[in-house]
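1. build me a structure from this.
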Amino acid sequence: MRTITRRSLSSRDQRAVRAGLLVAAPVLAYALLAKPYTLDVRRKLDALREQSDLLSREEGIVSSQPALRVELPFADASALRMSSRLYSAADTALAATAFGRDVAAIVKDEGLAIQRIEMRDSVTRRAGLQELAVDVRAQGSFAEVLHVLMRLEANSPLTQVMHLAIDRSSTSGDSLALVAVIRGYAR
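-> Numbers count the residues shown, from 1 in each chain. Below you'll find the model as predicted:
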């Protein structure tokens, strides 16, 4: 068995150890103490700034309350006008069916030959507003296609033609093929 003997460090080694400690101590103190503290302070300052911005926005809303009270009847009247332009049904499927029926009726009434009408899934938007969509493919003359688009635009329920492609029909030289995605809204 070996015996462990204790050697003392030379003065040169002792100075090297002291110099190493003098360099390592501030680095360790910064890494273990100062850096986490500054990160925490920075996070708290960011949170405070965010809350201050929210408070100033809310104070602005409260200070504009008299103006909002004046505008409230106009907003109510506008909402009432718009609600008559939305499909209303307790069930989204009923609203989608009514919307699809109305689009098909407009296309058929204007004399276009319907090749395909397909309902898309409805999407819920803000405040319970349902966005309904119908894919339409039909064929007819230029005048018929134009009348369909004008009737869709003037339709009392709000409709929006999101995608529109008009192309020369492959089956007949003088007719056009209409491909469109039409959106309506329900509450």
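
2. mind checking the longest helix of the chain?
-> Taking DSSP state H as the assignment, the helix of the chain that covers the most residues is helix 35-63.

3. next helix or strand past that helix?
-> From helix 35-63 onward toward the C-terminus, using DSSP states H and E, the following helix or strand is helix 65-83.

4. who's in contact with the helix or strand just after that next one?
-> Downstream of helix 65-83, the next assigned helix or strand under DSSP H and E is helix 92-109. Around helix 92-109, the neighbours that count as contacts under Cβ atoms under 8 Å, 6 or more residues apart in numbering are 87-89, 114, 117, 119, 122, 130, 132, 134, 136, 138, 148, 151-152, 155, 157, 159, 182, 184, 186. C-betas here are computed from N, CA, C, even on glycine.

5. follow-up on the earlier one: what are the buried residues along the longest helix of the chain?
-> Neighbour counts using 16 or more other Cβ atoms under 10 Å place no residue of helix 35-63 among the buried ones.

6. just give me how far that helix sits from the chain centre.
-> The offset between the C-alpha centroid of helix 35-63 and the centroid of the whole chain comes to 25 Å, using Cα atoms, centre = their mean, to the nearest Å.

7. okay, the angle between that helix and helix 65-83?
-> Computed with axes from the mean of the first three to the mean of the last three Cα atoms, to 10 degrees, the direction of helix 35-63 lies at 80 degrees from that of helix 65-83.

8. so how far is residue 132 from the residue positioned nearest the centre of the chain?
-> Closest residue to the average C-alpha location of the chain: residue 125 at 8.8 Å, with Cα atoms, centre = their mean. When distances are taken as Cβ to Cβ, to the nearest Å, residue 125 and residue 132 turn out to be 11 Å apart.
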